[in-house]
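Show me how the following folds:
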Amino acid sequence: MNKYLFILSVPLMFLCLNCLVFAGSCKRCHQGIESIAGNPAMKGLECSFCHRGHPEKDKKDEAHKDMWANPSDYSVAEKTCGQCHEDILKRSKKSLHATSAGIISATRYLFSAQGTKNAIYAVRQVRDEDLEVPQNMGAVKELKALPFYNPNEPESGTNSPADDYLREQCLRCHLYSYGAERFGDYRSSGCAACHMLYDNDGQYMGRDAAIRGKSKKKNFTPRPRLHRVTVRIPPSQCIHCHNRGGRTGVSFIGTMESDGYGSPWSQKPGVKGARKIHGKYYNHLTPDIHYSRGLFCIDCHTERDVHGDGNIYSKKEQAVEIECQDCHGTKKQKSRLVSSRGNRMKRLELQEEQILLNSASGKRYVVPQVKDIIQSGPKKARDAMGISAHLDKMECYSCHSRWAPQCYGCHAQQDASTSSLDWVKSIKAPDPTLSGKAVFRAKTAYKWRETRSFLRWERPVLGINSEGLVSPFIPGCQVIFTQIGPDGKCRVHNKVYKTTDGIYAIATNPIQPHTTSKKARSCESCHADRKALGLGDGLYLTHANGVDLPFSLEQIVDENGTQLQATSHVGARPFNKAEIRRINRVGTCASCHGWDAGSLAKRVSRLKKGSIGHDMHRKILRALLNSGAKSTNP
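Down below sits the predicted model:
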């Protein structure tokens with residue numbers, strides 16, 4: 001009898017012990033939940049320090065009352081994350097990730113809603129209070145909150161359909177929002193948008209007994225992979241946002257949205273084999289070499305690139321401090337281990353004459369140096385990099401990005417007879433930290449629909465970027481606007497705006513495509529390609545395809561160097577007439593003298609200036625042609 005009493009008492013003893021250990025604790029229900037972090041300071045925090053609530057209560061509703069589901073949301077972050085990371089939090093609220101100033105300023109400029117390419121508005125009003133505003137770097141003192149659009153009032157700088165377009169379509173990825181919350185786009189808001197990792201399907205993979213298995217239900221609540229924050233943020237987390245606009249995230253891993261085919265077929269009749277991610281089907285292309293080698297985005301992009309440096313910028317080219325040369329050095333010297341703005345790059349180190357990168361992945365890499373390649377690299381690389389103009393006047397990725405995503409013709413239709421949800425304004429949520437979720441979006445916008453003319457990835461156009469260097473250009477974006485009025489009738493049909501300086505407001509902009517490859521573009525793909533020069537290939541007939549434009553969507557400049565399409569980047573432009581002629585001239589010479597860059601460059605350098613002018617060259621060619629003609633006559 002005593003034996004059986006002992007056997008029965010063992011589980012009761014463990015149950016009582018469990019009650020004592022977890023009394024007044026969230027872990028009474030959330031047994032097995034992961035520690036929020038590995039470092040001692042955070043590991044020892046009580047759940048209620050961040051989440052609040054009433055852990056002493058026994059019933060779920062009472063325990064969860066006044067609880068913050070996401071303590072890192074910007075609505076409360078000053079009381080949580082900001083207690084230890086005050087400087088970072090303040091900077092991040094002024095960063096482009098929080099303001100979306102680049103997307104807003106570009107869209108408004110292309111709808112002729114503002115004359116400046118720099119930002120005026122953000123998703124929230126923000127002001128730089130430290131009085132240090134380096135305007136020479138593009139910083140601004142403040143940004144106002146984005147206006148609303150009223151279709152019953154005339155268009156103006158404060159009443160533009162651009163603002164409604166932004167609210168209903170474009171602004172899903174700022175840090176006050178939880179994003180689209182669909183396959184590929186699941187994430188959190190605030191600090192956790194980056195620092196808490198989500199799988200593409202939004203499934204929880206941890207051991208919390210109260211949550212485990214529930215996310216597999218049809219109407220599940222998306223959750224992070226684990227209840228854990230990290231500073232080792234992989235590319236997969238960045239891609240939850242960086243899959244629209246410049247598409248640098250999806251390009252980095254070698255994917256580009258397809259025309260919507262979803263091919264190939266699955267093994268089931270009528271069912272496509274591909275699965276949509278970010279709402280689109282994708283083609284798989286050559287990934288960026290940094291991704292192929294296992295590097296993370298944050299191996300290059302510094303903490304100040306991501307959190308901001310405390311200033312309010314309008315454009316990413318103003319905010320980003322990293323350049324290729326910061327890691328790979330120049331033709332004259334190896335990497336100095338600092339960014340283009342002089343900040344120490346903590347992942348780089350010099351060891352026995354080698355530059356090493358300590359990746360966030362835990363791996364260590366030797367970083368190739370330009371100086372070494374010029375001295376002892378492969379012949380083609382030595383020849384190309386030995387031409388001073390290539391290194392002095394071009395971004396490295398002008399040659400080393402053989403493809404870039406090109407979405408031509410952004411056909412945007414606004415239906416002002418149908419109200420829709422707003423990515424910027426929310427209704428009041430029971431928990432303020434959840435107000436950025438899609439379910440709490442306010443119905444303060446109008447319905448928009450998007451389609452495009454065509455997609456390309458090969459032979460990106462080249463032009464001059466904001467730093468005065470040759471760079472790839474991609475459409476971004478070529479707005480062709482149609483508006484259905486509140487009465488259901490078409491008011492505006494396939495309109496292309498003009499900027500305040502009179503240029504067609506369909507934009508092609510410079511970009512770092514994040515498709516870097518060891519193999520560079522061929523010489524002729526730049527020096528003998530009309531599309532690369534911005535002149536278009538002359539095949540696509542824009543007018544015949546329903547858009548009243550006198551040039552192809554691929555053409556950004558004419559033979560005289562006249563700019564045809566706008567760019568929303570400050571200081572960026574197509575090649576001018578002299579630059580087009582100079583680049584073409586190399587192609588003309590190479591047609592006879594060959595495309596060996598080193599040989600051709602040496603021949604040219606040996607010639608004395610003016611020794612063979614245009615007239616002399618014409619005489620030589622005429623003599624050669626006459627000689628050839630005579631030799632073929634019977």
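
Just checking: what are the partner strands of the biggest strand by length in the chain?
The residue-count maximum for a strand in the chain (DSSP state E) belongs to strand 403-420. If you go by DSSP bridges, strand 403-420 pairs up with strand 445-458 (antiparallel), strand 470-484 (parallel).

can you pull the buried residues of that strand?
For strand 403-420, a neighbour-count test (16 or more other CB atoms under 10 Å) marks 403-416, 420 as buried. For every residue, glycine as well, the C-beta is placed using N, CA and C.

For the closest residue to C191 other than its chain neighbours, give me its contacts.
Spatial nearest neighbour of C191, excluding adjacent residues (CB to CB, 6 or more residues apart in numbering): S72 at 3.7 Å. Going by CB atoms under 8 Å, 6 or more residues apart in numbering, S72 touches T80, C81, S188, S189, G190, C191, A192, H195, M196.

Then K316?
L96, G102 are the contacts of K316 under CB under 8 Å, 6+ apart.

my read: Q563 touches G502, true?
No - using CB atoms under 8 Å, Q563 is not in contact with G502, being 10.0 Å away.

Can you tell me the SS state at the spatially closest residue to Y149 that is not a sequence neighbour?
Nearest residue to Y149, sequence neighbours excluded (CB to CB, 6+ apart): D164, at 3.8 Å. For D164, the secondary structure call by DSSP: H, G, I helix; E, B strand; the rest coil comes out as helix.

per-residue pLDDT, D164?
If you check D164, the pLDDT there is 98.

show me where the stretch 201-350 of the chain has strands.
In the stretch 201-350 of the chain, strands defined by DSSP state E, counting those that start in this stretch lie at 255-257, 282-284, 348-351, listed in chain order.

So for G44, which of these sits nearest?
G44 lies closest, by CB to CB, to one member of those: strand 348-351, at 32.3 Å.

Parallel or antiparallel, which strands does the closest one pair with?
Partners of strand 348-351, by DSSP bridges, with direction: strand 354-358 (antiparallel).

What are the contacting residues of the partner strand?
By CB under 8 Å, 6+ apart, the list of residues contacting strand 354-358 from outside reads 295, 299, 327, 329, 334-335, 337, 347-350, 364-367, 369.

how about 7 Å then?
Strand 354-358 is contacted by residues D299, C327, K334, S335, R347, L348, E349, R364, Y365, V366, V367, Q369 when judged by CB atoms under 7 Å, 6 or more residues apart in numbering.

Convert it to PDB, retaining C-alpha atoms only.
What follows is strand 354-358, C-alpha atoms only, in PDB (Å, rounded to 0.1, in the frame of the first residue of the first chain):
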ATOM      1  CA  GLN A 354      45.800  40.800 -45.200                       C
ATOM      2  CA  ILE A 355      42.500  42.500 -44.600                       C
ATOM      3  CA  LEU A 356      40.100  40.200 -42.800                       C
ATOM      4  CA  LEU A 357      36.400  40.500 -42.300                       C
ATOM      5  CA  ASN A 358      34.800  38.900 -39.200                       C
END
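
List the buried residues for it?
Within strand 354-358, the residues scored as buried using 16+ other CB under 10 Å are I355, L357.

Mean confidence (pLDDT) on it, please.
The model assigns strand 354-358 a mean pLDDT of 97.

and if you look at stretch 481-500?
For stretch 481-500, mean pLDDT is 97.

Only the buried residues of it, if you could.
F481, T482, Q483, I484, K495, V496, Y497, T499.

Now do the nearest residue to L421 once chain neighbours are set aside, the pLDDT please.
Nearest residue to L421, sequence neighbours excluded (CB to CB, 6+ apart): R441, at 3.9 Å. You'll see R441 listed with a pLDDT of 97.

ok, what's across the strand from R441?
S426.

so how far is R491 from it?
Here R441 is placed at a distance of 26 Å from R491 (CB to CB, to the nearest Å).

P472 now?
Here the criterion is CB to CB. By it, P472 lies 37 Å from R491.

How about E317?
According to CB to CB, E317 and R491 sit 36 Å apart.

And for Y497?
From Y497 over to R491 the distance is 14 Å, taken as CB to CB.

try R167
R167 sits 19 Å away from R491, going by CB to CB.

What of D288?
Computed with CB to CB, the distance linking D288 and R491 is 43 Å.

Also A572?
Distance from A572 to R491, by CB to CB: 32 Å.

again, but for Y408
Plainly put, Y408 is 25 Å away from R491 if you go by CB to CB.

what's the answer for C173, then?
In terms of CB to CB, C173 sits 30 Å off from R491.

ok, V557 - contacts?
G534, L535, Q563, L564, P574, F575.

Okay, and which of those map to strands?
Residues of those located in strands (DSSP E): none.

D558 contacts L564, doesn't it?
Yes - if you go by CB atoms under 7 Å, D558 and L564 touch, sitting 6.2 Å apart.

Neighbour count for the two, which is higher?
L564 (20 against 17; other CB atoms under 10 Å).

got the contact list for G476?
Neighbouring residues of G476 by CB under 7 Å, 6+ apart: G245, G246, A507, T508, N509.

Next step: the residues you listed restricted to helices.
Among these, no member falls in helices (DSSP state H).

surely the residue nearest to Y149 meets K425?
No - between D164 and K425 there is no contact under CB under 7 Å: 11.6 Å.

who has more neighbours, the two?
A count of neighbours by other CB under 10 Å puts D164 above the other of D164 and K425, at 26 against 18.

distance of that one from L96?
Distance from D164 to L96, counting by CB to CB: 22 Å.

With N358 instead?
Taken as CB to CB, the span from N358 to L96 is 27 Å.

what are the ranges of the helices in the stretch 1-150 of the chain?
With DSSP state H, counting those that start in this stretch, the ranges of helices along the stretch 1-150 of the chain come out as 2-22, 40-43, 47-51, 60-63, 86-93, 96-99, 101-110.

Where among those helices is average confidence lowest?
Among the helices of the stretch 1-150 of the chain, helix 2-22 carries the lowest mean pLDDT (a mean of 39).

what sits against N576?
Contacts of N576 (CB under 7 Å, 6+ apart): G561.

what about L391, how many residues close to it?
Around L391 there are 17 other residues, counting by other CB under 10 Å.

So it: helix, strand or coil?
Classified using three-state DSSP, L391 is helix.

show me what contacts it?
L391 neighbours (CB under 7 Å, 6+ apart): K331, M385.

That one and A572: what is the separation?
20 Å.

and the gap between K65 and K59?
Applying CB to CB, the value for K65 to K59 is 10 Å.

neighbour count winner among the two?
Using other CB under 10 Å, the more surrounded residue of K65 and K59 is K65, with 13 against 9.

so that one touches E56, yeah?
No - counting by CB under 7 Å, E56 is not a contact partner of K65; they are 11.6 Å apart.

where in the protein is pLDDT low?
1-24, 215-217, 595, 597-614, 628, 631-634 (pLDDT under 70).

Is the residue nearest to L421 in contact with S419, as I believe?
No - counting by CB under 7 Å, R441 does not reach S419; the two are 11.5 Å apart.

Buried residues, stretch 270-288. List them.
Buried, per 16+ other CB under 10 Å, within stretch 270-288: A274, I277, H278, K280, Y281, Y282, L285, P287, D288.

Extract the C-alpha set from it and format it as PDB.
Provided in PDB are the C-alpha atoms of stretch 270-288 (Å, rounded to 0.1, in the frame of the first residue of the first chain):
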ATOM      1  CA  GLY A 270      -3.800  23.000 -63.600                       C
ATOM      2  CA  VAL A 271      -1.700  23.900 -60.500                       C
ATOM      3  CA  LYS A 272       1.500  26.100 -60.900                       C
ATOM      4  CA  GLY A 273       4.600  24.800 -59.300                       C
ATOM      5  CA  ALA A 274       5.900  28.100 -58.000                       C
ATOM      6  CA  ARG A 275       4.600  29.700 -54.800                       C
ATOM      7  CA  LYS A 276       4.200  33.400 -54.400                       C
ATOM      8  CA  ILE A 277       6.400  35.200 -51.900                       C
ATOM      9  CA  HIS A 278       5.900  38.900 -51.100                       C
ATOM     10  CA  GLY A 279       2.800  38.600 -53.300                       C
ATOM     11  CA  LYS A 280       4.800  37.800 -56.500                       C
ATOM     12  CA  TYR A 281       6.300  34.900 -58.400                       C
ATOM     13  CA  TYR A 282      10.100  35.000 -58.800                       C
ATOM     14  CA  ASN A 283      12.800  34.000 -61.300                       C
ATOM     15  CA  HIS A 284      16.100  32.800 -60.000                       C
ATOM     16  CA  LEU A 285      19.300  34.500 -61.300                       C
ATOM     17  CA  THR A 286      22.900  34.800 -60.300                       C
ATOM     18  CA  PRO A 287      23.100  36.000 -56.700                       C
ATOM     19  CA  ASP A 288      25.500  38.600 -55.400                       C
END
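
Fine, thanks again, bye for now.
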